[in-house]
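Engineer: how would this look folded up:
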Amino acid sequence: MSFELRNVTEKEDGIRLTPIRFVLVGCMVISCVVLLATDTVYNAEMGAGVGVKTWNVLDWLSQQAVLSTDFSCHNNCNNFTFSYIIRNSCRDRPFLLFFVVVAHNNSDARDAIRQTWGSIRSYRGKSIKTVFVLGEHENETLNAEILSENAKYKDIVMGRFPDKYRTLTEKVMFALRWSMDHCEAEYMVKTDDDIFHVPYRYIDYLLDNELPERFVGGRCVTTRPTRTETVKTYVSRDIYPYNYSPYYCQGGGYIISQTAARDIVKIAPHVRYTPMEDQFVSGICRYTMLIPYFQIDGVLAKKGAQTQPCTLKKLVKSTHKIYPDEMYQLWKDLNSRNQNCALSFNINVFIVILVFLLLWAKFLHSMY
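Structural biologist: Next up is the predicted model:
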């Protein structure tokens, strides 16, 4: 769409478009966009006094589709099994636990995590632990390889349930239950094996904010269920008949407090099941138990401009779609001491200001 600024003496439909009116109209348009695109309206679902997460207007409108929805199934409709093939335990209670949902044949990703961000054990006096979560593969050779790998690293938890994409919900519920019974971390991050995390920034967030005892946080959205049968995220109307999901935090990386995890495990057998684990855990179960969710900056940042060394060091908590070789490079960037991040930031700000001034000068010149 293009706009033509008419001569200040020309009238259209009896209205004279003077420079002042043009600027005022522009400000009104920008204000409307800001209202719709930034967090400005209080999130009533969270309850008074939380004061950490706010909603914008689009959030509020889309959420109305599920506010009156009852997700309960009125009896034990989900029979989650918590039988172990491998059951490691935490010697001490960690402050922050990353449980990485992985596939059996992704040993390169597991090794990359172990040698990069998963190697961080503590920060600011708080302990950090990383474990890998699997189910049972139909190929016994792959199961045997996992048993051997665990004998070496002691960082795998394996459940007796089919390890398939459509059992991701069961996999995450299994991990939450394991944490409750055998690790008791104060906070957990559910994640995948193609995510690069910066654990330091999670610790900063958890220590530097006044958070409630129960919460889920990450990049949180509401979406329409996929109704295309050929897509792997397909959800039939028989499974989930509603047009929108409750707000959920995307499965690449979301934080759950221990108290929230206990409530989610408690309610999970009694609510409508969906194979999309993030929608089930951080959406349906969270919503049913009235657990607040927080939008957390820097989660699941896009690789590229958002993962430049200086941004990675200061702002990013996680970035997704990262291959093992890229993890090693990001780890190197994260630990590099060669970048002058303050100078880099100042140069970027200078460029933005310069471009803005040039565009503004061009605009003013076109007015006269």
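
Engineer: got a list of contacts for stretch 232-239?
Structural biologist: Under the criterion C-beta atoms under 8 Å, 6 or more residues apart in numbering, residues 165, 225-228, 272-276 lie in contact with stretch 232-239. No exception for glycine: its C-beta is placed from N, CA and C like everyone else's.

Engineer: out of those, which is most surrounded?
Structural biologist: residue 276 (23 neighbours; other C-beta atoms under 10 Å).

Engineer: got the contact list for that one?
Structural biologist: 168-169, 225, 233, 235, 245, 251.

Engineer: tell me the mean pLDDT over the one helix or strand residue 312 maps to?
Structural biologist: Following DSSP states H and E, one finds residue 312 within helix 309-314. Computed over helix 309-314, the mean pLDDT rounds to 83.

Engineer: returning to what we had before: min pLDDT across the contacts of residue 276, which one?
Structural biologist: Among the contacts of residue 276, residue 233 has the lowest pLDDT, at 85.

Engineer: quick revisit: let me have the contacts of residue 276 in a markdown table, extended by secondary structure and distance to residue 259.
Structural biologist: A markdown table is the format used below for the contacts of residue 276 (DSSP: H, G, I helix; E, B strand; the rest coil; distance: C-beta to C-beta, whole Å):
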| residue | secondary structure | distance to residue 259 |
| --- | --- | --- |
| 168 | helix | 23 |
| 169 | helix | 21 |
| 225 | coil | 29 |
| 233 | coil | 30 |
| 235 | coil | 29 |
| 245 | coil | 23 |
| 251 | coil | 21 |
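
Engineer: only the buried subset of those residues, as a ChimeraX command please.
Structural biologist: To isolate the buried members of the contacts of residue 276 in ChimeraX, using 16 or more other C-beta atoms under 10 Å:
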select :168,169,225,235,245,251
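
Engineer: which one of the contacts of residue 276 sits closest to residue 188?
Structural biologist: Distances from residue 188 to the contacts of residue 276, taken as C-beta to C-beta, are shortest for residue 251 (13.2 Å).

Engineer: nearest residue to the closest one in space, please, no chain neighbours.
Structural biologist: Nearest residue to residue 251, sequence neighbours excluded (C-beta to C-beta, 6 or more residues apart in numbering): residue 278, at 3.4 Å.

Engineer: can you tell me the element that neighbour falls in?
Structural biologist: Residue 278 is located in helix 277-279, with elements delineated by DSSP H and E.

Engineer: pLDDT value on residue 285, please?
Structural biologist: On the pLDDT scale, residue 285 gets 94.

Engineer: distance check, it against residue 229.
Structural biologist: Separation of residue 285 from residue 229 (C-beta to C-beta, to the nearest Å): 26 Å.

Engineer: so where do the helices sit in the stretch 101-250 of the chain?
Structural biologist: Assigned by DSSP state H, counting those that start in this stretch, the stretch 101-250 of the chain shows helices spanning 107-115, 140-153, 168-182, 199-208.

Engineer: among these, which is nearest residue 217?
Structural biologist: Here helix 199-208 is closest among the helices of the stretch 101-250 of the chain (C-beta to C-beta), at 8.2 Å.

Engineer: output that closest one as PDB, nothing but the C-alphas.
Structural biologist: The C-alpha trace of helix 199-208 is given here as PDB (Å, rounded to 0.1, in the frame of the first residue of the first chain):
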ATOM      1  CA  PRO A 199      20.900 -21.400  31.300                       C
ATOM      2  CA  TYR A 200      22.400 -18.200  32.800                       C
ATOM      3  CA  ARG A 201      19.500 -16.100  31.500                       C
ATOM      4  CA  TYR A 202      16.900 -18.500  32.900                       C
ATOM      5  CA  ILE A 203      18.500 -18.200  36.400                       C
ATOM      6  CA  ASP A 204      18.600 -14.400  36.000                       C
ATOM      7  CA  TYR A 205      14.900 -14.400  35.100                       C
ATOM      8  CA  LEU A 206      13.900 -16.700  38.000                       C
ATOM      9  CA  LEU A 207      16.000 -14.800  40.600                       C
ATOM     10  CA  ASP A 208      15.400 -11.200  39.500                       C
END
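
Engineer: contact partners of it?
Structural biologist: Here helix 199-208 has contacts from 95-96, 98, 117, 120, 123-124, 126, 128, 187, 189, 255, 296, 298, 315-317, using C-beta under 8 Å, 6+ apart.

Engineer: stretch 174-182 now?
Structural biologist: 80-82, 84, 87-90, 97, 99, 101, 133, 135, 157, 159, 161, 185, 188, 190, 256, 258, 261-262, 264-265, 281.

Engineer: swap in stretch 81-98?
Structural biologist: Residues contacting stretch 81-98 (C-beta under 8 Å, 6+ apart): 118, 126-131, 136, 143, 146-147, 150, 154-161, 170, 174, 177-179, 182-189, 191, 197, 199, 202-203, 206.

Engineer: and the protein, what are its domains?
Structural biologist: 11-37, 47-335, 342-368 (automatic domain parsing).

Engineer: got any ranges where the protein has weak pLDDT?
Structural biologist: 1-69, 74-76, 305, 338-350, 367-368 (pLDDT under 70).

Engineer: which helices and strands does the lengthiest strand in it pack with?
Structural biologist: What stands out as the longest strand in the chain, according to DSSP state E, is strand 126-136. If you count contacts as 3 or more C-beta pairs under 8 Å, 6 or more residues apart in numbering; DSSP states H and E, strand 126-136 packs onto strand 96-101, helix 107-115, strand 156-162, helix 168-182, helix 199-208.
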